[in-house]
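Visitor: What follows is a predicted structure for the sequence shown.
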Amino acid sequence: YDECLRKYGSSYVYMLCTDVFDYLPIVAMVDNDLFCVHGGLSPSITSVDQIRTIDRCVEPPHAGPMCDLLWSDPEDTDGWRVSPRGAGYVFGKDIAATFNNANAITSIVRAHQLVMEGYKWHFDKAVLTVWSAPNYCYRCANVASIFQYSSATEYSFEIFAEAPQDRTPAKAVLPEYFL
């Protein structure tokens, strides 16, 4: 918000960006093999088909299946627990295995948790966290990764660090098309 206000002199660009996020898909399936989601699973959803009934074109709610898919995390536990983050749940190996088996998928691929190595497998490769923000918040000193997938047995990770910082102060100039 503050960056848009500084760069464009208005919060209008920020509002447009957040509106676009309200139309992005909640989940993507890759080759009917990978369940790709921002966060994780929901105790309200046992089938990929149930996700189609969620009204996506709204601001994400603070509770419910959409919230869970956006904010839940895997954890070395059994079953479901309320997340200490304040939204979503933490789920264990048993939950991931049940979901993957019921939906005939190999892995859940997600991004919601910082992992210092850029990616991390959970639960015998039932869940994969891919982190794509190097040196998160300019202070975590983590690397990031890109998951390159061809098949369940043919994939790789591209690991990268942050780009060098240009310490030249930016000019606060409004582009003509925003005037």
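Guide: Received it, and whenever you're ready, just let me know what you need.
Visitor: residues contacting residue 149?
Guide: 30, 31, 34, 155 (C-beta atoms under 8 Å, 6 or more residues apart in numbering). For glycine as for every other residue, the C-beta is placed from the backbone atoms N, C-alpha and C.
Visitor: same for the helix or strand of the chain with the lowest mean pLDDT, what does it pack against?
Guide: Ranked by mean pLDDT, DSSP states H and E, the weakest helix or strand in the chain is helix 2-8, scoring a mean of 90. Contacts defined by 3 or more C-beta pairs under 8 Å, 6 or more residues apart in numbering; DSSP states H and E place helix 2-8 against helix 12-21.
Visitor: which residues touch the following helix or strand past the helix it packs on?
Guide: Next helix or strand after helix 12-21 toward the C-terminus (DSSP states H and E): strand 27-30. Outside strand 27-30, the residues within contact range by C-beta under 8 Å, 6+ apart are 35, 36, 37, 48, 51, 69, 105, 109, 149.
Visitor: picking up where we left off before, which entries within the contacts of residue 149 meet the buried criterion?
Guide: residue 34 (16 or more other C-beta atoms under 10 Å).
Visitor: Next, give phi and psi for the residue most central in space within the chain.
Guide: The structure's the chain has its C-alpha centroid closest to residue 38; by C-alpha atoms, centre = their mean the separation is 2.5 Å. Residue 38 has phi and psi values of phi -70, psi -50 when expressed as degrees, to the nearest 10.
Visitor: what about it, distance to residue 66?
Guide: Remark: distance between residue 38 and residue 66 (C-beta to C-beta, to the nearest Å) = 10 Å.
Visitor: any common contacting residues for those two?
Guide: residue 26.
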